[in-house]
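[1] Coordinates for the following, if possible.
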Amino acid sequence: MEKAVKILLPYELEQLTEWLLSFTKEKPELRQCLIYVNE
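    Numbers count the residues shown, from 1 in each chain. Purely as a prediction, here's the structure:
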């Protein structure tokens with residue numbers, strides 16, 4: 001996630017964030033990854 005945040009374009013990062021939110025709904029233990037996209 002850290003690497004992706006550094007190289008993705010803003011709209012790509014937005015898409016990744018949306019996907020991550022939907023993906024972690026069923027896997028709350030992965031929610032900690034959201035800190036990288038919310039910085």
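[2] Look up the closest residue to the spatially most central residue of the chain, ignoring the ones flanking it.
    The residue lying closest to the centre of the chain (C-alpha atoms, centre = their mean) is Thr17, at 3.9 Å. The spatial neighbour of Thr17 that comes closest, neighbours along the chain excluded (C-beta to C-beta, 6 or more residues apart in numbering), is Val37 at 4.7 Å. All C-beta spots, glycine's among them, are computed from the backbone N, C-alpha and C.
[3] any idea of the pLDDT on that neighbour?
    At Val37 the predicted local distance difference test score is 71.
[4] Pull the contacting residues for it.
    Residues counted as contacts of Val37 (C-beta atoms under 8 Å, 6 or more residues apart in numbering) are 1, 5, 13, 16-17, 20.
[5] tell me the residue furthest from the middle of this structure?
    Computed with C-alpha atoms, centre = their mean, the residue of the chain farthest from its C-alpha average is Glu26, at 14.7 Å.
[6] Thank you, goodbye.
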